[in-house]
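# One predicted model, sequence on top.
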Amino acid sequence: MFGRTESPSFAAGLRYILSHSLITLLAIGIAFTLPKAAGYILYYWWPKVEENTQLLLVTEIGFAAILVLLLNVLMLLWENQRFVSSARLASLVFACEKGGWLRPWRGRWMVKRLPASRDVYILSVTGYNTFVDGDSLFESVLRNGYDIRVMLLHPASEGAREHIQSFTNRLLSEEALVREVESSIACLDRLRREGKKVELKFYGYAPTWKVVVLDEYVWVQYCHRGTELKTAPEYVFALHPRDPKRGFYVPFYMHFTGNWNNGGHPEYDFETRELVYRDVTGNETQRTPFLVPTADEVRMAATA
C-alpha cells in the first residue's frame, strides 16, 4: 500500500515532450518578433503619436488597459499556483461537485485513470450507490478487485436511528436504509460466489465519512446530517510517493483500518445471516442473528 510502483506511460512522456517543444517554439518566436516590434514603435508609431494628441490619449489608454490585463493575469496565475501547491501538499488529485451534468463523465474518467485495484476497502452508510446503483462509479473496480472489505451502518443500531432522525421524512428514510442495506448484502454475496474474497462488517455509530480505498488512492465524501450521501462533493487523495506523512491519504486510510480492526464491529456471515463477534486475537466469542426491521415494522413504528 505504501509504495507507488507504476512507471510513466508512453502517452504521458509524449505529452511532456510536445508541451516543452511548443513552449520553446513560442519563446523563439517572441525573441525574433521583439526587435521588429520595437523598431515599429520607435520609428513609425511614436513619431505619429508626438504630433497627434488624440492618438496619444488612445495609446495611453490602450497601454494602461494592457498593463491592467497583464497584472490581472499574473495575479490569477499566482492564485492558481497557490491552489496547486495546496492541492499538491494535501495530495488532492481530483475533486467533483455533485449536481453538474459533467459530474458522471468526470467521475468515470477519474476511475478509469486509476490503476487496477486488487484491494478494495469501503466504509459507507448503505453501500447502495457503490454496489447496486446503475450509475455507480466503482462497478468495474469491484468486478476486477479480489480482496473486498466493506463496512456498512447497521439498520437497527442507535447510530442508524440518529442518522435517520436528521431527515425530514423519517418513514421513507428508514425504509430506504433497510432496503438499500439488503440490496448491498445481496450484491456482495454475488461477488463472493463469483470467487471474490468478500468480508462485511457493520458499525453502529452515526456515519461521518464515506471512504473508498483503492490501493494508493482514497475516495472520500462527508456524510452531512439530513442530506443524502450521493449529493455530497467527492474528493480523491493519493498516497504521496516520497513522503507518506504528507497529504490526507494516510489519515483516511487509517480511519478505515481503525474501524475495521475495532473488535466492537461484528462480521457478517453470508451463509447463516449472523453477526460474528471476535476478541482482539481474532477468536470468535459470540454470534447473534442479523435482524433488521421489515418495511411493515418500520411503518408501524413511525405511526405509533
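Perfect, thanks for sending it.
# Low-confidence regions, the stretch 201-304 of the chain specifically.
For the stretch 201-304 of the chain, the stretches flagged by pLDDT under 70 are 293-304.
# Kindly recompute the last result at 80.
226-227, 230, 241-242, 292-304 (pLDDT under 80).
# what helices or strands is the longest helix seen in the chain leaning on?
Longest helix of the chain, by residue count under DSSP state H: helix 53-90. With contacts defined as 3 or more CB pairs under 8 Å, 6 or more residues apart in numbering; DSSP states H and E, helix 53-90 has these neighbours: helix 46-51. From N, CA and C alone the C-beta is placed, and that goes for glycine too.
# State the mean pLDDT of the helix it packs on.
The average of the pLDDT scores along helix 46-51 is 69.
# i'd like the first residue to be 54 from this point on
New numbering, starting at 54: the last item is helix 99-104.
# Give me the number of neighbouring residues for the closest residue to P319 other than its chain neighbours.
Excluding the flanking residues, the one nearest P319 by CB to CB, 6 or more residues apart in numbering is L328, at 3.8 Å. By other CB atoms under 10 Å, 20 other residues sit near L328.
# Are there helices or strands packed against the helix or strand harbouring L328, and which ones?
L328 belongs to strand 327-331 when assigned by DSSP states H and E. With contacts taken as 3+ CB pairs under 8 Å, 6+ apart, strand 327-331 sits against strand 320-322, strand 337-342.
# can you put those strands in a markdown table and add distance to L129?
Converted to a markdown table, the helices and strands packed on strand 327-331 look like this (distance: least, CB to CB, whole Å):
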| stretch | distance to L129 |
| --- | --- |
| strand 320-322 | 52 |
| strand 337-342 | 60 |
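# hang on, A143 packs against G300?
Yes - using CB atoms under 8 Å, A143 makes contact with G300 at a distance of 5.5 Å.
# What residues sit buried inside the strand holding L328?
Using 16 or more other CB atoms under 10 Å as the test for burial, strand 327-331 gives E327, L328, V329.
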